[in-house]
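**Q** sequence-free structure coming up:
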């Protein structure tokens, strides 16, 4: 079964940093784009970043541009999201999913359990 498992969440103070990890199992993630999504309490899930299969193209939502960095290590079947200058309103469950390309809505993997990020003093 193809799946991605998110980790690295936790409690961080406003202005702090976290690095999330997305580990692939059951398939070779290097063949797919990987998107990071988040869902805050009472809000719809949103895509915040995506990286192409090669890592050569990255996209960011305006809300995180300049503060978040997506990267991948295809040798390790891993994708990362470095989050800096975190804000309380970014408290959410963060998810990753594999898809055909960053512009595609065709997904290879389903929603996982995600990783909780809480930004609070």
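**A** Structure's in. What do you need? Note that the structure is predicted; figures quoted are calculated from it, not measured.

**Q** now the helices for this protein?
**A** Assigned by DSSP state H, the helices in the chain number zero.

**Q** centre-most residue in it?
**A** Nearest to the mean C-alpha position of the chain, counting by CA atoms, centre = their mean, stands residue 36 at 2.7 Å.

**Q** against residue 61, how distant is that one?
**A** According to CB to CB, to the nearest Å, residue 36 and residue 61 sit 10 Å apart. (Each C-beta comes from the backbone N, C-alpha and C, glycine too.)

**Q** and what of residue 35?
**A** Residue 35 is 11 Å from residue 61, where distance means CB to CB.

**Q** out of these two, which sits in the more crowded spot?
**A** More neighbours surround residue 35 than the other of residue 35 and residue 61, with 23 against 15 (other CB atoms under 10 Å).

**Q** for the nearest residue to that one once chain neighbours are set aside, give me its contacts.
**A** Spatial nearest neighbour of residue 35, excluding adjacent residues (CB to CB, 6 or more residues apart in numbering): residue 50 at 4.3 Å. Taking CB atoms under 8 Å, 6 or more residues apart in numbering, we find residue 50 in contact with 33-36, 58-59, 70, 99, 102.

**Q** if we go to 7 Å?
**A** Contacts for residue 50 (CB atoms under 7 Å, 6 or more residues apart in numbering) come out as 33-35, 59, 102.

**Q** ok, back up a step: who is the residue nearest to the centre of the chain paired with across the strands?
**A** Beta-bridge partners recorded for residue 36 (DSSP bridges): residue 49, residue 96.

**Q** so it touches residue 81, yeah?
**A** Yes - counting by CB atoms under 7 Å, residue 36 touches residue 81, with 4.9 Å between them.
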